[in-house]
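In: The following comprises the amino acid sequence and a computationally predicted model.
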Amino acid sequence: MISIIIPAYNQADKLVKCLDSIKKQTFDNYEIIVVNDGSRDDTAAVAQKYKNIFGLKFTYIDQENQGPCATRNRGGAAAKGELIIFCDADVVMRPEMLSKMKETLALHSEASYVYSSFYWDWKLFKLWPFDAEKLKQMPYIMTTSLMRREHFPGFDIKIKKFNDWDVWLTMLEQGHVGVWIDEPLFRVTGSGFQTMSSWVPSFAYKLLPFLPSVKKYKKAMAIVKEKHGL
């Protein structure tokens, strides 16, 4: 079974689209765990509506605001599936996403997780095959990746940005690697709990180092690199 963990914070409208995309999945052996991180919008009402639709497949957890890492960890602790995927509320899955990820992971026993290319609104992030050395240099694998639950190390609540990169680096240090699907299997529809909450064109990091967003990006990268001795 796949446990789909959705951390939600003030994104009720996007949560609807996310849950609708799960309802259309060709693979249906899953559970959904929505963790409401102290939202002030209609997230609770949306969750109740879909609990009526999904029935026993749906678990809703309500908590005071604790931030994305603690919220994901809360969902991970409740997961019953041997496979888990963290799916932010602003993610819309293609119907075949879960089935293709599960099939790919089954074919690659050496891998602990599978990731795919994706769209960020209109922008295609095509990505590339798993490369440990490149992963040490830069974050390129999204949180929305299917992993073996037994290998999931948990999110470090002290890391405020690039939480997913930190997880993949931790897993790499433990001998766990990933495998890539050369297809965009989902779309991110805007900012949320994702590490890429604001996308900046790649040329900006070299030509516009004075931009506040670039400075924050580099500072956050330095924190993760220092933790992992990179």
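Out: That came in fine, so what should we check first? Numbers count the residues shown, from 1 in each chain.
In: Once you drop chain neighbours, what's closest to the most centrally placed residue in the chain?
Out: Nearest residue to the geometric centre of the chain (Cα atoms, centre = their mean): Thr143, 2.4 Å. Distances taken as Cβ to Cβ, 6 or more residues apart in numbering put Asp164 closest to Thr143, at 4.2 Å, once the chain neighbours are dropped. Quick note: C-beta positions are derived from backbone N, CA and C, even for glycine.
In: what's the answer for Arg94, then?
Out: Spatial nearest neighbour of Arg94, excluding adjacent residues (Cβ to Cβ, 6+ apart): Leu185 at 5.2 Å.
In: buried ones in the helix or strand hosting that neighbour?
Out: Taking DSSP states H and E as the criterion, Leu185 maps to strand 177-188. Neighbour counts using 16 or more other Cβ atoms under 10 Å place 177-181, 184-188 of strand 177-188 among the buried residues.
In: and those, which two are the farthest apart?
Out: Checked with Cβ to Cβ, those reach their widest spread between Val177 and Arg187, with 25.7 Å between them.
In: rewinding a little: quick check: the residue nearest to Arg94 touching Met101?
Out: Yes - with contact defined as Cβ atoms under 8 Å, Leu185 and Met101 form a contacting pair (7.1 Å).
In: list the residues that contact both of these two?
Out: Residues within reach of Leu185 and of Met101 at once, by Cβ atoms under 8 Å, 6 or more residues apart in numbering, are Ser116.
In: what bits of the protein have low per-residue confidence?
Out: For the chain, the stretches flagged by pLDDT under 70 are 191-214.
In: 80 instead, please
Out: Low-confidence segments of the chain (pLDDT under 80): 190-218.
In: need the helices for this structure, in chain order.
Out: With DSSP state H as the criterion, the chain has helices at 12-23, 43-54, 68-78, 97-107, 132-137, 163-173, 204-207, 212-227.
In: Pull out the buried positions in the last one.
Out: Neighbour counts over helix 212-227 (16+ other Cβ under 10 Å) mark 214, 217, 220-221, 224 as buried.
In: Need these in a markdown table (columns: distance to Met138).
Out: Output for these, formatted as a markdown table (distance: Cβ to Cβ, whole Å):
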| residue | distance to Met138 |
| --- | --- |
| Val214 | 14 |
| Tyr217 | 11 |
| Ala220 | 12 |
| Met221 | 8 |
| Val224 | 10 |
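In: got the domain boundaries for the protein?
Out: Split into domains by automatic domain parsing, the chain comes to 2-199, 200-230.
In: from these, which stretch is densest packed?
Out: With neighbours defined as mean count of other Cβ atoms under 10 Å, these peak in mean count at domain 2-199, which reaches a mean of 18.
In: quick one: that domain to chain centroid distance?
Out: 3 Å (Cα atoms, centre = their mean, to the nearest Å).
In: If you drop the residues flanking it in sequence, what lies closest to Met147?
Out: Tyr113 (3.6 Å).
In: for the residue nearest to Thr143, what are its contacts?
Out: Contact partners of Asp164, counting by Cβ under 8 Å, 6+ apart, are 139, 141-143, 145, 195.
In: any chance of the residues you listed in JSON lines, plus distance to Ala8?
Out: Formatted as JSON lines, those follow (distance: Cβ to Cβ, whole Å):
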{"residue": "Pro139", "distance to Ala8": "23"}
{"residue": "Ile141", "distance to Ala8": "22"}
{"residue": "Met142", "distance to Ala8": "17"}
{"residue": "Thr143", "distance to Ala8": "14"}
{"residue": "Ser145", "distance to Ala8": "19"}
{"residue": "Thr195", "distance to Ala8": "17"}
